[in-house]
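J.: Structural data only, the sequence is not supplied:
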């Protein structure tokens, strides 16, 4: 008897649950979370910077001044969200001890165009130029074109000779031996 009561209650619950499910109307609505893309803000600018230092080179003292400025006159770049970034120009001046200019150049991303791929030409900005070292007849600088607000960049070496000749090459010496890097250096140096 007890078994019949339990059996009857279970059958009743099953029938009630089937009837409850049968009364629901089906909906074609799909419920998901809405992901909003961030809305682009005002164009982003890197802070201006100025690096000024005295350098001993070929037996004399020189003064190196590097100045980065964002420029509204250069084409802006956009990232994948549509955020715009202002590109920069960088002025490099090398002066003699008496204050006379030995060399001066205003760099833009265009100066490094042939060392960039299409992606960096379109979405990269000129990020920096810094003095690295005096090496024999050359002053050596490190430059970079980057994707803004990322760690992605193309490293470049800019060299200035004692005769005022400027050369540029991509910095690819991380995995080469000294003999290979000197050979590559001769093959890759190009004048601006």
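T.: Yep, it's here. Just so it is clear, the model here is predicted, and its values are computed rather than measured.
J.: and the nearest residue to residue 168 once chain neighbours are set aside, what helix or strand is that in?
T.: With sequence-adjacent residues excluded and distances taken as Cβ to Cβ, 6 or more residues apart in numbering, residue 168 is closest to residue 158, at 5.4 Å. For every residue, glycine as well, the C-beta is placed using N, CA and C. Assigned by DSSP states H and E, residue 158 falls within strand 153-161.
J.: chain center to whichever helix or strand comes after that strand: distance?
T.: Going down the chain from strand 153-161, the next helix or strand is strand 166-170, by DSSP H and E. Distance, stretch centre to chain centre, for strand 166-170: 19 Å (Cα atoms, centre = their mean, to the nearest Å).
J.: Tell me the helices and strands packed up against strand 166-170.
T.: strand 153-161, helix 178-188, strand 190-191 (3 or more Cβ pairs under 8 Å, 6 or more residues apart in numbering; DSSP states H and E).
J.: Partner strands of it, with direction?
T.: strand 153-161 (antiparallel), strand 190-191 (antiparallel) (DSSP bridges).
J.: Flag every buried residue along that strand.
T.: 166-169 (16 or more other Cβ atoms under 10 Å).
J.: ditto for stretch 89-108
T.: Along stretch 89-108, these residues count as buried under the neighbour rule (16+ other Cβ under 10 Å): 89-90, 92-95, 102-103, 107-108.
J.: residues making contact with it?
T.: With Cβ atoms under 8 Å, 6 or more residues apart in numbering as the test, stretch 89-108 has contacts from 60-69, 71, 74, 87-88, 126, 128-129, 139, 141, 143, 158, 160, 164, 166, 192.
J.: Fine by me, we can end here.
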